[in-house]
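> Here is my input, please return the structure:
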Amino acid sequence: MQPVVIVLASGRGERFLASGGSTHKLQALLGSKTVLQHTLDAVRASGLPLYLEERGHPGMGDSIAAAVRATADASAWLILPADLPLVQPQTLRRVAEAPAQHAVVRPVYQGRHGHPVRFARSCGPQLMALQGNQGAAPVVIAQGATELIVDDAGCVTDIDTVQDLQQALQLLQARQGLTYG
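A predicted model of the protein is given here:
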């Protein structure tokens with residue numbers, strides 16, 4: 001049984017709006033598609049099961065807990081914030097396929113911790129108990145994380161500001177072999 005990729009799309013996106021954005025960051029256009037559509041397309045291309053958590057919650061921990069409860073029969077969970085539109089499908093697969101004996105696996109790109117973070121089924125009770133804005137950091141700290149080196153800038157390219165969106169567009173265009181500017 002494959003792990004479920006939980007795409008977290010329930011944040012308010014306040015930093016994006018404060019930076020001059022005119023819409024929620026997940027609905028902002030990145031090329032011809034929204035940020036959210038890019039993220040969902042990458043998960044679908046990976047072939048892994050997808051669960052989209054869009055309901056409003058007080059914090060990221062609450063969102064993760066709700067999504068894990070909704071997918072409680074999963075063999076493991078890959079937690080992926082929806083604002084990582086350039087994550088590569090092969091990165092998702094590599095994290096999903098990392099040895100099962102590791103409770104927590106996270107990708108690392110050029111020394112930076114990225115997403116998705118995979119949590120083994122044994123982490124389920126801890127994930128379901130999360131609350132507040134801290135996300136799953138307490139579980140990562142408690143379990144320790146196995147680092148998986150990847151060659152995917154998309155796993156660390158999140159969209160929090162209009163400037164982040166512009167940088168992501170440059171990376172997207174470079175991937176597509178287009179010139180920009």
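
> Now do the closest residue to residue 53 other than its chain neighbours against residue 128, distance only.
Spatial nearest neighbour of residue 53, chain neighbours left out: residue 67 (4.0 Å); criterion: CB to CB, 6 or more residues apart in numbering. C-beta coordinates here come from the backbone N, C-alpha and C atoms, glycine included. Separation of residue 67 from residue 128 (CB to CB, to the nearest Å) stands at 10 Å.

> What does the pLDDT read for the closest residue in space to residue 158 that isn't next to it in sequence?
Distances taken as CB to CB, 6+ apart place residue 83 nearest to residue 158, at 4.9 Å, with adjacent residues excluded. Here, the pLDDT recorded for residue 83 equals 96.

> which residues touch residue 83?
11, 13, 25-26, 35, 39, 158-160 (CB atoms under 8 Å, 6 or more residues apart in numbering).

> Please name the residues that touch the spatially most central residue of the chain.
When the chain is reduced to its mean C-alpha position, the nearest residue by CA atoms, centre = their mean turns out to be residue 80, at 2.0 Å. By CB under 8 Å, 6+ apart, the contact set of residue 80 is 5-8, 39, 43, 87, 92, 115-116.
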